[in-house]
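**Student:** just the structure for this:
(chains A and B)
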Protein chains: 2
Amino acid sequence: MFCQSCREEYGSEEAGTCKECYEEASETEEELHREIDHLKSLLSFLRLTPPPSPPPPHSGLLLLRSLADASASASASPSPVPAHRAVLVSRSPVFKAMLDNEMEESRSGVIKIPDASAKVLRSFIDYLYTAETTLDEDIAPELLILAEKYQVNHLKVFCERYMTSKVNHENAIACYAFAHRHNAKQLLDAALSLIIENMATLREREEYKELVERDPRLVVELYEAYLCRQANLASTKDSSNAKV
Amino acid sequence: MFCQSCREEYGSEEAGTCKECYEEASETEEELHREIDHLKSLLSFLRLTPPPSPPPPHSGLLLLRSLADASASASASPSPVPAHRAVLVSRSPVFKAMLDNEMEESRSGVIKIPDASAKVLRSFIDYLYTAETTLDEDIAPELLILAEKYQVNHLKVFCERYMTSKVNHENAIACYAFAHRHNAKQLLDAALSLIIENMATLREREEYKELVERDPRLVVELYEAYLCRQANLASTKDSSNAKV
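**Tutor:** Below is the predicted model:
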């Protein structure tokens, strides 16, 4: 028999699907591709262009009027990032509360974001307009912190997924502590798994000693998770022995 | 052999794919579904909530400030539809020109949309925020007209696709004329095909007579398309006869 897909001959023990199912599956795949194209076109329609930062100093009143009506300002940077209230309010419940109610931010339109660097703040605001950003290992944790603080859950998930993909034996303890502080469950589990794999050498590591100093409670949780996993392993072994 | 997909038995003449290709295809399908989920989550993040229409009359200044900074006004309706300049400008090059330059609309923030009904205008503005709308046979052509006028191409394509799916022998002539007026190529082709199928009874139809009165040039184009298609058919026939 010849495979309709790869065109190679195969025997009955390597059989996959019948012709009808093959054709159906091909149609399904085409449909899925069409749906993806459609969703992508919706996305490119919905993306907004963030206002340029900073606005040109010699721009006239009319130009300014069509630009931003709010801004976010990092403490370390002299030039705030311009933005639109409509966008800020729709992406973050925290910004919404600030801008909709009688708060200083609502009157001035200026939101102070003290802990962020200018670069991270720019990425943060851009993400609110485009749902896109380029992450690296420096920017991801900083953006996650902002996303958590301003409840931009979509961005938080995005950063957490990136960080989880970068956990390794070297940074596992730091990631574990970070994930704990910022309620990042997926990252926490990934870091914990790696730490538990290397329990024997844990106590020699510098980051471990620092963590014991800084946050012993977290270390206790770590040991508890370890014990819990050991107990699970033991009971699995027992039950498989019992079966034998 | 048993099909891995439908679990039914089949003979070698009904063979579809080998096992390896079947497994690959299943993985591809899963990946596509994951991508669709991802795109949908981006979309729901990027959709904006259009400002309510009309705004509550007793709302305070602070509430108003976080609301719209522009509006679109249908001539037949007393209450304009509020909107945000940032959204209008990013979705339509025509609105952008109006609001960015020294035009009356830029100063007042009010865009007059004379030919639209209040209902259609509301759908139009909502689409700019959400890329969603519910079409029916009344609203689709009106929305298409607005989309064309303000160069919201995404919406125009959406309306045209809907209208094309609704062309039938009854409305083909009206659709043909409409499509011609509004540069809707896909709709034009669909309507033309249906008209040409019924050339024999064309001249008896009321819409045909009206079209001859109103826009004879269009009727000429119709006949030209008919002749063209006949010539094509004849040459296809000739070449297949020649082959025999």
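**Student:** C-alpha from now on. contacts and neighbour counts both.
**Tutor:** Will do.
**Student:** and the next helix or strand past the helix or strand bottoming out on mean pLDDT in chain A?
**Tutor:** Counting by mean pLDDT, DSSP states H and E, the weakest-scoring helix or strand in chain A turns out to be helix A:61-65, with a mean of 38. Using DSSP states H and E, the next helix or strand after helix A:61-65 towards the C-terminus is strand A:70-74.
**Student:** so what strands line up beside that following strand?
**Tutor:** Taking DSSP bridges as the criterion, strand A:70-74 pairs within the sheet with strand A:81-83 (antiparallel), strand A:110-113 (parallel).
**Student:** want to throw those strands into TSV with mean pLDDT?
**Tutor:** Shown next, in TSV, are these (pLDDT from 0 to 100):
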stretch	mean pLDDT
strand A:81-83	88
strand A:110-113	88
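**Student:** okay, those strands, which one's buried deepest?
**Tutor:** Of all the strands paired with strand A:70-74, strand A:81-83 has the most neighbours on average by mean count of other CA atoms under 10 Å in any protein chain shown, namely a mean of 24.
**Student:** give me the next element, helix or strand, following it.
**Tutor:** Remark: after strand A:81-83, the chain's next helix or strand is helix A:85-91, criterion DSSP H and E.
**Student:** tell me the average confidence for that next one?
**Tutor:** Across helix A:85-91, the average pLDDT comes to 88.
**Student:** for that helix, which outside residues touch it?
**Tutor:** For helix A:85-91, contacts defined as CA atoms under 8 Å, 6 or more residues apart in numbering or on different chains pick out A:68-70, A:95-97, A:99, A:109, A:128-129, A:152, B:45, B:48-49, B:66-68, B:84.
**Student:** swap in stretch A:167-181?
**Tutor:** The list of residues contacting stretch A:167-181 from outside it, by CA under 8 Å, 6+ apart, reads A:185, A:187-188, A:190-192, A:194-195, A:207-208, A:211, A:218.
**Student:** all helices for chain A, in order.
**Tutor:** In chain A, the helices defined using DSSP state H lie at A:19-46, A:61-65, A:85-91, A:93-100, A:104-108, A:118-130, A:139-149, A:153-165, A:172-181, A:185-197, A:199-202, A:206-214, A:216-243.
**Student:** can you give me the domain boundaries for chain A?
**Tutor:** Segmentation of chain A into domains, based on automatic domain parsing, reads A:12-46, A:66-166, A:167-244.
**Student:** tabulate the ones you listed (CSV), appending distance to residue B:117.
**Tutor:** Shown next, in CSV, are the domains of chain A (distance: least, CA to CA, whole Å):
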stretch, distance to residue B:117
domain A:12-46, 24
domain A:66-166, 26
domain A:167-244, 49
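**Student:** which one of the ones you listed lies closest to residue B:233?
**Tutor:** Nearest to residue B:233 among the domains of chain A is domain A:12-46; the distance by CA to CA comes to 30.6 Å.
**Student:** show me what counts as buried in the closest one.
**Tutor:** A:15-19, A:21-22, A:25, A:29, A:32-33, A:36, A:39-40, A:42-43, A:45-46 (16 or more other CA atoms under 10 Å in any protein chain shown).
**Student:** let's see stretch A:199-207 as CSV, backbone CA atoms only.
**Tutor:** Only the C-alpha atoms of stretch A:199-207 are listed here, as CSV (Å, rounded to 0.1, in the frame of the first residue of the first chain):
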residue,chain,number,x,y,z
MET,A,199,18.4,17.9,46.9
ALA,A,200,21.7,16.2,47.8
THR,A,201,23.8,19.3,46.8
LEU,A,202,21.2,21.9,47.8
ARG,A,203,22.7,22.9,51.1
GLU,A,204,26.0,23.8,49.6
ARG,A,205,24.6,26.4,47.2
GLU,A,206,25.1,30.1,47.8
GLU,A,207,21.5,31.0,46.8
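**Student:** residues in contact with that stretch?
**Tutor:** A:173-174, A:195, A:208-209.
**Student:** now which of the residues you listed would you call buried?
**Tutor:** Buried among these (16+ other CA under 10 Å): A:173-174, A:195, A:208.
**Student:** report the contact partners of residue A:222.
**Tutor:** Contacts of residue A:222 were listed using CA under 8 Å, 6+ apart, and they are residue A:192.
**Student:** so what pLDDT did it get?
**Tutor:** The model's pLDDT for residue A:222 equals 88.
**Student:** okay, it and residue A:165: tell me how far apart.
**Tutor:** Residue A:222 sits 21 Å away from residue A:165, going by CA to CA, to the nearest Å.
**Student:** in chain A, where is pLDDT below threshold?
**Tutor:** Across chain A, the ranges flagged by pLDDT under 70 are A:53-67, A:243-244.
**Student:** what do you get if the cut-off is 80, keeping everything else the same?
**Tutor:** By pLDDT under 80, the weakly predicted segments of chain A are A:49-69, A:75-79, A:102, A:237-244.
**Student:** one step back: of the contacts of helix A:85-91, just the buried ones, ChimeraX syntax please.
**Tutor:** A single ChimeraX command selects the buried members of the contacts of helix A:85-91 (16+ other CA under 10 Å):
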select /A:68,69,70,95,96,99,109,128,129,152 /B:45,48,66,67,68,84
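**Student:** re the thing from before, looking at the domains of chain A, which is nearest to residue B:230?
**Tutor:** Set against residue B:230 and scored by CA to CA, the domains of chain A come closest in domain A:12-46, at 33.5 Å.
**Student:** circling back: and the buried ones among the contacts of stretch A:199-207, which is closest to residue A:136?
**Tutor:** Residue A:136 has its nearest neighbour among the buried ones among the contacts of stretch A:199-207 in residue A:174, at 16.3 Å by CA to CA.
**Student:** burial count for residue A:72?
**Tutor:** Residues near residue A:72, counting by other CA atoms under 10 Å in any protein chain shown, number 24.
**Student:** ok, the one 5 residues further on next?
**Tutor:** The local packing of residue A:77 (other CA under 10 Å) involves 14 other residues.
**Student:** skipping adjacent residues, who's closest to it in space?
**Tutor:** Once flanking residues are discounted, residue A:77 sits nearest to residue A:118: 5.7 Å by CA to CA, 6 or more residues apart in numbering or on different chains.
**Student:** surely that neighbour and residue A:112 touch.
**Tutor:** No: Residue A:118 is not in contact with residue A:112 according to CA atoms under 8 Å; the separation is 11.7 Å.
**Student:** mind listing the shared neighbours of those two?
**Tutor:** With CA under 8 Å, 6+ apart, residue A:118 and residue A:112 have common neighbours residue A:74.
**Student:** check contacts around the residue nearest to residue A:80 when sequence neighbours are not counted.
**Tutor:** Spatial nearest neighbour of residue A:80, chain neighbours left out: residue A:73 (4.3 Å); criterion: CA to CA, 6+ apart. Contact analysis of residue A:73 by CA under 8 Å, 6+ apart lists A:79-81, A:110-114, A:121.
**Student:** what's the closest of those residues to chain B?
**Tutor:** Using CA to the nearest CA, residue A:110 comes nearest to chain B of the contacts of residue A:73, at 12.9 Å.
**Student:** excluding chain neighbours, what is closest to the closest one?
**Tutor:** residue A:71 (5.0 Å).
**Student:** for the one you found, which residues make a bridge with it?
**Tutor:** Counting by DSSP bridges, residue A:71 forms beta bridges with residue A:82, residue A:110.
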